[in-house]
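**Q** could you work out the structure for the sequence below:
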Amino acid sequence: MTAPQYPAGPFVPDERYSEERRQESITVLEQAPAALRAAVAGLSEEQLDTRYRNWSIRQIVHHMADSHVNAYVRFKLALTEDRPTIKPYDEGRWVALEDSRSGSLAAPLALLEGLHASWVQLLRSMTAEQYARSYFHPEMGEEVPLFRALGSYAWHSRHHTGQILWLREQRGWKSAASR
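**A** Numbering: from 1, shown residues only. I've put the predicted structure just below:
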């Protein structure tokens, strides 16, 4: 069976700020590191190197850490500068680096746990006015308000964790919880 492009459904951007959506997205980000850790728990080295479309499970985990570090910095820039232009990065080249291709998952999982704890603390402290602040994304050619970025990264967490869970289900790899 062909792996679905969007196992958690396609991303639908928020067009305006919503307190309910904010709280929902923050909760997703708060729980994301534990959900990812559970998704990879008990997988063998061979299983971690199994591809979901273009990237291995190992690369997906490293990518999430890379991506969310960049997201956190983007939030800080948007909160402290007026409409900063962010620096894009080539995620495909980042996951092609040796650490992402063969490295342990301990470091990126620990990084996500600490990063998300700090990020959630920041997100909960922000006002509606701060969520309206934005950064300019030169590759997209558009201004991204923080409320939309928040929804995007919550979706991103569900999306990549969903890829791993889809592989586990398709391959019959039992999770630690179901053993």
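**Q** show me how far stretch 70-88 is from its chain's centre.
**A** Chain-centre distance of stretch 70-88: 17 Å, with CA atoms, centre = their mean, to the nearest Å.
**Q** quick one: buried residues of that stretch?
**A** 70, 71, 72, 74, 75, 77, 78, 79, 84, 86 (16 or more other CB atoms under 10 Å). For glycine as for every other residue, the C-beta is placed from the backbone atoms N, C-alpha and C.
**Q** where's the closest residue to the third one other than its chain neighbours, which helix or strand?
**A** Distances taken as CB to CB, 6 or more residues apart in numbering put residue 119 closest to residue 72, at 5.1 Å, once the chain neighbours are dropped. Under the criterion DSSP states H and E, the helix or strand holding residue 119 is helix 106-125.
**Q** who are the packing partners of that helix?
**A** helix 19-40, helix 57-80 (3 or more CB pairs under 8 Å, 6 or more residues apart in numbering; DSSP states H and E).
**Q** what sits against residue 86?
**A** Applying CB atoms under 8 Å, 6 or more residues apart in numbering, we find residue 86 in contact with 70, 74, 77, 135, 136, 137, 138.
**Q** quick check: the farthest pair among the buried residues of stretch 70-88?
**A** Pairwise distances across those (CB to CB) peak at 15.1 Å, for the pair 70 and 79.
**Q** picking up where we left off before, mean confidence for the helix holding residue 119?
**A** The pLDDT scores in helix 106-125 average 98.
**Q** residues in contact with it?
**A** 22, 26, 29-30, 32-34, 36-37, 40, 61-62, 64-65, 68-69, 71-72, 75-76, 150.
**Q** buried only: go through the residues you listed for me.
**A** 22, 26, 29-30, 32-33, 36-37, 40, 61-62, 64-65, 68-69, 71-72, 75, 150.
**Q** show me where pLDDT drops low in this protein?
**A** Residue ranges of the chain with pLDDT under 70: 176-179.
**Q** 90 - rerun?
**A** Counting by pLDDT under 90, the chain shows low-confidence ranges at 1, 14-15, 174-179.
**Q** that older thread, okay, the helices and strands packed on helix 106-125 in a markdown table with distance to residue 2 next?
**A** Output for the helices and strands packed on helix 106-125, formatted as a markdown table (distance: least, CB to CB, whole Å):
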| stretch | distance to residue 2 |
| --- | --- |
| helix 19-40 | 20 |
| helix 57-80 | 17 |
